[in-house]
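# build the 3D model from these lines:
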Amino acid sequence: MKYIVLLGDGMPDYPLPDHDNKTPLQIARTPNMDFLAKNGITGGIKSIPDGFPPGSDVSNLSIFGYNPEIYYTGRSPLEAASMGIDLKPGDIAFRCNLVTLKPVANDLIMEDYSAGHISTEEAKDLIDFLNSKLGDDNFSFYPGVSYRHLLVWQDGKEGLDLPPPHDLSGKGVKDVLSSRCNEIIELLNSSQMILKNHPVNLKKVEEGKKPANSIWLWGSGKKPAMPELKKMFDLEGAVISAVDLLKGIGIYAGLDAVKVEGATGYIDTNYKGKVDSALKVLEERNFVFIHLEAADEASHEGSFENKIKAIEDFDSKVVGEILKGIEGYKYKILLTCDHPTPLSLKTHTSDNVPFAVYSPDKKGDKTTTFDEDLIKEGSKSFEKGFEIMEYFVRG
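Purely as a prediction, here's the structure:
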């Protein structure tokens, strides 16, 4: 049996008044996802336990089958694993975003949490430069993908990180910064002075693009201890994602983190490369987890058009192609999301997410479309989100 998880990050949303009170999932053309819903077992998943922040770290741990109340130690340690960074017991890892801050009156506005979706090549130049200027025995900067990078604070202090930058889009950050420790404030201030006149940013400004004029530190934590999926569910395989967070979860879960050229985490990602890589994994092993970030990124931007495109591309270029490529195998597919990212909020919420489990040899619920209505209309509900993997594999 082959087990395939297809996860569309941030696809669920709220009804849109300007679009007949339909959600993007209800508006987008998704014949392949609808096929899985119509012929599969459907329902809802509470992927964010009460009291936890509605982040992709917590929600994806749940979908992978890990109880966040036991295994969650923070976002950045998971990303560190993907980047090949072996955290020591006292190390604190931080997500280090490159962002665009805009001076307005006596404040700084979070103009862009991604510095205009800066390219990986440009970002590497900036992070390496920051490390040469600010790195020392205490702090080390590590380049990642696009705007997503890492800072490790040796024997650092816990609980000092900032809110996620996408939660502050268009808002002032002065009050947030005033309550943080001196080390964090000094790093941000120093980064702004260093980045301002870097050639990468001077060129971006000249071209009318948003400069990466500051770092933003958030999602901190220590190294977790997690059992492998082989031990838990007899699953062996790989995770396919452009995002270090998902790759890191996969690595701690005992999976390979497959590198796909051209995988960006945005609407321009290499869909075909992800599918081809997944099918290659399934030739020899029994599990693959395919994660697509684009709908979440579009939501953070507040872009309705890009979110519809991301959902439709996920359906046609991933779900549809997997269904074609998996013919001839005995298989099960779990189609789901990690959390909603409503366009109206531009950030994550803790609402439940829909799912469909499809196997060609089992009868489904005969629901009609894959959207938020499945949460109430489907036959299954998982209030402990981590139990979805047990059901998927053994149900």
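# C-alpha from now on. contacts and neighbour counts both.
OK.
# buried residues in the least confident helix or strand in the chain by mean pLDDT?
Lowest by mean pLDDT, DSSP states H and E among the helices and strands of the chain is helix 174-178, with a mean of 84. Judged by neighbour count using 16 or more other Cα atoms under 10 Å, the buried positions of helix 174-178 are L177.
# export the strand or helix carrying V152 to CSV, keeping only CA atoms.
Assigned by DSSP states H and E, V152 belongs to strand 148-153. Only the C-alpha atoms of strand 148-153 are listed here, as CSV (Å, rounded to 0.1, in the frame of the first residue of the first chain):
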residue,chain,number,x,y,z
ARG,A,148,13.2,32.5,5.4
HIS,A,149,16.5,32.1,7.3
LEU,A,150,17.8,31.1,10.7
LEU,A,151,19.6,32.6,13.7
VAL,A,152,21.1,30.4,16.4
TRP,A,153,21.8,31.9,19.8
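# distance between it and the chain's centre?
16 Å (Cα atoms, centre = their mean, to the nearest Å).
# quick one: strands adjacent to that strand?
Partners of strand 148-153 in the sheet, by DSSP bridges, are strand 92-104 (antiparallel), strand 139-145 (antiparallel).
# mean neighbour count, mean pLDDT and distance to E69 for those strands - can I get that in CSV?
Formatted as CSV, the strands paired with strand 148-153 follow (neighbours: other Cα atoms under 10 Å; pLDDT from 0 to 100; distance: least, Cα to Cα, whole Å):
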stretch, mean neighbour count, mean pLDDT, distance to E69
strand 92-104, 24, 96, 19
strand 139-145, 20, 95, 28
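# hang on, the earlier thing: name the residues that touch the strand holding V152?
The contact list for strand 148-153 (Cα atoms under 8 Å, 6 or more residues apart in numbering) reads 76, 79-80, 91-98, 114, 127, 138-144, 217.
# quick revisit: which one of the strands paired with strand 148-153 lies nearest to N67?
strand 92-104 (21.1 Å; Cα to Cα).
# and the next helix or strand past the closest one?
Where DSSP H and E defines the elements, the next helix or strand beyond strand 92-104 is strand 107-112.
# and that next one, what does it pack onto?
strand 92-104 (3 or more Cα pairs under 8 Å, 6 or more residues apart in numbering; DSSP states H and E).
# what angle sits between the strand it packs on and strand 107-112?
Interaxial angle of strand 92-104 relative to strand 107-112 (axes from the mean of the first three to the mean of the last three Cα atoms, to 10 degrees): 110 degrees.
# average pLDDT for the strand holding V152?
Strand 148-153 carries an average pLDDT of 96.
# mind checking which helix or strand the nearest residue to F64 once chain neighbours are set aside is in?
Leaving out its chain neighbours, the residue that sits closest to F64 by Cα to Cα, 6 or more residues apart in numbering is M389, at 6.3 Å. Take DSSP H and E as the rule and M389 turns out to sit in helix 387-394.
# packing partners for that helix?
Packing partners of helix 387-394 (3+ Cα pairs under 8 Å, 6+ apart): helix 56-64.
# the helices in the stretch 251-395 of the chain, which residues?
271-282, 294-301, 304-313, 320-325, 374-377, 387-394 (DSSP state H, counting those that start in this stretch).
# please work out which of these is packed deepest.
The highest mean neighbour count among the helices of the stretch 251-395 of the chain, using mean count of other Cα atoms under 10 Å, belongs to helix 294-301: a mean of 26.
# relative to strand 107-112, how tilted is that helix?
150 degrees.
# next one: helix 294-301 to chain centre, how far?
So, by Cα atoms, centre = their mean, the centroid of helix 294-301 is 10 Å from its chain's centroid.
# that one packs against which elements?
helix 304-313.
# pull the CA atoms of the helix it packs on into PDB?
Extracted C-alpha coordinates of helix 304-313, given in PDB (Å, rounded to 0.1, in the frame of the first residue of the first chain):
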ATOM      1  CA  PHE A 304      -7.700  36.900  -4.100                       C
ATOM      2  CA  GLU A 305      -6.400  36.400  -7.700                       C
ATOM      3  CA  ASN A 306      -3.300  34.600  -6.500                       C
ATOM      4  CA  LYS A 307      -5.100  32.500  -4.000                       C
ATOM      5  CA  ILE A 308      -7.500  31.200  -6.700                       C
ATOM      6  CA  LYS A 309      -4.600  30.500  -9.000                       C
ATOM      7  CA  ALA A 310      -2.700  28.700  -6.200                       C
ATOM      8  CA  ILE A 311      -5.700  26.500  -5.400                       C
ATOM      9  CA  GLU A 312      -6.400  25.700  -9.100                       C
ATOM     10  CA  ASP A 313      -2.800  25.000  -9.800                       C
END
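# wait, a helix at L7?
No: under DSSP: H, G, I helix; E, B strand; the rest coil, L7 sits outside any helix and is assigned strand.
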